[in-house]
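Enquirer: Kindly generate the corresponding structure for this input.
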Amino acid sequence: MSKSGIRRRYEAFQERISEACERTGRSTDSVRLMAVSKQQPDAKITEALDAGIRCFGENRVQELVRRWPATLDADGDCLDSGVRRKDVHVSLIGHLQRNKAAQVSGFVDSIESIDNPRTVDALVSRLSTQAPMDVLVQINTSGEKSKFGLAEDEKEIFELVDLLCSVDALRPRGVMTVAPFVDDERAIRGCFQSLRAWYEKIGREYTIDLWDTISMGMSGDFEIAVEEGSTEVRIGTGIFGERTP
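Expert: Predicted coordinates:
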């Protein structure tokens, strides 16, 4: 039986990630590949599930809550493909507005785009009776005004981490960034090096039970990200093909 296009592309990215790990002496299973399903039709999600993909990233709250069931841990809660929802990890990787926190809280396993104390407060009010949700601190290491994330300011970053560590409803796991969309490898590498430095600095400053995630790298720069220490890369059109307009 021939492999689907999504399966072939997914496996090709896995191979390139392994090669990047080998170049830097890392374990080939030290990087998670997240399939970013933004603006993709449901049929492609089913194809991805059939291909064995179990980690998905969504950018838009409205699309996320339409696509994924609300119950995260019920054995009988299956997707159309027959895969149990509890076996699939869905993360919000796009910007989360405070007024959308109530919508998203029951549909995701983690949120990678935490950059505002007010959003934390809104989430906590919805999650206080649930198991802790994993979150990442988004840091804008490119300095571009068009990108979300905290500025590289120690006071602001530490204040947000302080807040995350003080609440039971959220569990900080690491940091996330988006590099600039440029051909300058040195600029891209510098952004990734900065994020890893923040990850290490926060890890030294705080005692956090599970501090293990550096989410950086997309289709055009993921190999550089892996070389600079990424533990999770986010690939969209490279796996699914062009997005639906």
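
Enquirer: and the worst-scoring helix or strand of the chain on mean pLDDT, what does it pack onto?
Expert: Scoring the helices and strands of the chain by mean pLDDT, DSSP states H and E places helix 101-104 at the bottom, with a mean of 82. Here helix 101-104 touches helix 61-67, helix 117-127, going by 3 or more Cβ pairs under 8 Å, 6 or more residues apart in numbering; DSSP states H and E. For glycine as for every other residue, the C-beta is placed from the backbone atoms N, C-alpha and C.

Enquirer: Show me what counts as buried in it.
Expert: Residues of helix 101-104 classed as buried by neighbour count (16 or more other Cβ atoms under 10 Å): 101, 104.

Enquirer: What is the next helix or strand after it packed up against?
Expert: Sequence order places strand 110-114 as the next helix or strand after helix 101-104, per DSSP states H and E. Helices and strands touching strand 110-114, by 3+ Cβ pairs under 8 Å, 6+ apart, are strand 89-92, strand 133-138, strand 170-176.

Enquirer: And residue 150, how far from residue 235?
Expert: Residue 150 sits 24 Å away from residue 235, going by Cβ to Cβ, to the nearest Å.

Enquirer: if we can go back for a sec, with mean pLDDT and distance to residue 139 added, can I get the helices and strands packed on helix 101-104 in JSON lines?
Expert: Converted to JSON lines, the helices and strands packed on helix 101-104 look like this (pLDDT from 0 to 100; distance: least, Cβ to Cβ, whole Å):
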{"stretch": "helix 61-67", "mean pLDDT": "88", "distance to residue 139": "21"}
{"stretch": "helix 117-127", "mean pLDDT": "88", "distance to residue 139": "15"}
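
Enquirer: For residue 241, which of those helices is the nearest?
Expert: Comparing the helices and strands packed on helix 101-104 by their distance to residue 241 (Cβ to Cβ), the top pick is helix 61-67, with 16.9 Å.
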